[in-house]
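Trainee: Here is my input; please provide its structure:
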Amino acid sequence: MLNKEIPFSRPFINDDEINEVSEVLRGKWITTGEKVKEFENKVKEYLDVDMAIAVSSGTAAIDVSLAVNNICSEDEIITTPYTFASTVLSIIHRGAHPVLIDVDKETFNLDPIKILAYIKKNYKKTKKGLLSKIRGKYLRGIIIVHFGGQSVELDELNSIAKENNIFIIEDAAHAIGAEYKGVKIGNSDNAVCFSFYSNKNITTGEGGMIVKKNNNNEELYRKYSLHGISKNNIERYKTGLPFYDIEVAGFKNNLTDIQAALGVVQIRKIDYITKQRNIIAKWYDEELNGISEIELPIIKKHNYSARHLYPILLKPEFKDKRDELILKLRESKVYPSVHFLPVHFFSYFKKYYSKEEINNLIIAEDLFYREISLPIFPEISKEDVKRVAKTISLFF
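Mentor: Next up, the predicted model:
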């Protein structure tokens, strides 16, 4: 019997989601309405937070969070080069300059020590307590990314932010269901931005959410998520009157009830999905442990990873074999991926950054040339994992 295909990812969807979406389609309201509100409430309950605002994507969540902080062309935001480009593009779209700081070689996450060193070297405090560069730009915040579902060192980064009067936005696209020191990612005073894209641990097809432990500025977040309108869809529909105001320059970033219907069911499955992904990661650990040419992912003891990714690294002396191994896996009907092409490798960013700005991104570049993300999703079997491992073993 020929080997079946093992895709990189597959949405965990069954009749429960189909029935929930069908119910919305049979109703009288399909855009942003009561189902979106229900989804938001279920996320608030799951994370034990006061604010959850559904939006059209994880990118939209970051953009809205930057808008609430009044980011402009005078500002700089520190972030990671080892992320999907949208993290960095969101900063650029707001007119600000993204400062790229290298990552930790074990977790692929932003390194607090490097951030602190950069701040001390490049900024001085103004009389208003802001951090200013000689060329006149101000450091306003940090966008961190919980790579692969493992939390960054939040205590250290929050301490740096507080000490320097800057904000943190958490790009948690990979991290729904993850925990840092026993606290769920999302249960934070920072704006935390989730993605529910089709390959994420839970999905609404396209979609995202901004969550915060407190509901400070919730009204402003909501306005920026939909054109800056002073009244939501339901309020305008119920009154039947055309009177509303545009109070800020927002975009159309809202989620629909059709998408939220998926989310209402998916969030009920999140604990099972996260547990199953961790079981699969353990299977990979066991099966790959004896292959001396690769390094397995490292999860810090105080972290509970959402295991959105299972990234292996070829040891430095074998990195030239990375692409060849990917092709071998694909020939065997195993479809891995690579996370990520560092953002400064793209042609747009090559023009945007000087050589001086990217010279210190050594670890991010090294990780990219050695990394392969193996298939991981709730329905993958132990036999599938063994087949992936055997293919890698035979390759070497």
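
Trainee: what pLDDT does the residue nearest to residue 338 when sequence neighbours are not counted get?
Mentor: The shortest distance from residue 338 to any residue other than its chain neighbours is 5.9 Å, reached at residue 371 (CB to CB, 6 or more residues apart in numbering). Where you see a C-beta, it was placed from the backbone N, CA and C, and this is true even at glycine. pLDDT, residue 371: 98.

Trainee: now do the one 4 residues further on
Mentor: Taken from the predicted model, the pLDDT recorded for residue 375 is 98.

Trainee: picking that back up, what about the residue nearest to residue 338, how many residues nearby?
Mentor: 23 (other CB atoms under 10 Å).

Trainee: Ok, residue 306 next?
Mentor: A total of 27 residues lie near residue 306 under the criterion other CB under 10 Å.

Trainee: how near is it to residue 131?
Mentor: As for residue 306, its distance to residue 131 is 32 Å (criterion: CB to CB, to the nearest Å).

Trainee: now residue 66
Mentor: The gap separating residue 66 from residue 131 is 17 Å, by CB to CB.

Trainee: Who has more neighbours out of the two?
Mentor: Between residue 66 and residue 131, counted using other CB under 10 Å, residue 66 has the larger neighbour count: 26 against 18.

Trainee: Name the nearest residue to the residue nearest the centre of the chain, ignoring sequence neighbours.
Mentor: Residue closest to the average C-alpha location in the chain (CA atoms, centre = their mean): residue 173, at 2.1 Å. Beyond its immediate neighbours in the sequence, the residue positioned closest to residue 173 (CB to CB, 6+ apart) is residue 195, lying 3.7 Å away.

Trainee: okay, now the one you found: neighbour count?
Mentor: Going by other CB under 10 Å, the residues that sit close to residue 195 add up to 31.

Trainee: Tell me the buried residues in stretch 49-57?
Mentor: Of the residues in stretch 49-57, those with enough neighbours to count as buried (16 or more other CB atoms under 10 Å) are 49, 51, 52, 53, 54, 55, 56, 57.

Trainee: Nearest to residue 382 among the residues you listed?
Mentor: Of all those, residue 57 has the smallest distance to residue 382: 33.9 Å, by CB to CB.

Trainee: So what does residue 214 have for phi and psi?
Mentor: As for residue 214, its main-chain torsions (degrees, to the nearest 10) stand at phi -100, psi 170.

Trainee: What number of residues are in the vicinity of residue 224?
Mentor: For residue 224, which is what you asked about, the neighbour count (other CB under 10 Å) is 26.

Trainee: who touches it in this structure?
Mentor: Going by CB atoms under 8 Å, 6 or more residues apart in numbering, residue 224 touches 64, 67, 68, 248, 250, 251, 253.

Trainee: Which per-residue confidence value corresponds to it?
Mentor: Residue 224 is assigned 97 on the pLDDT scale.

Trainee: quick one: stretch 331-341 to chain centroid distance?
Mentor: 19 Å (CA atoms, centre = their mean, to the nearest Å).

Trainee: meant to ask about stretch 288-297, not that
Mentor: Offset of stretch 288-297 from its chain centre (CA atoms, centre = their mean): 26 Å.
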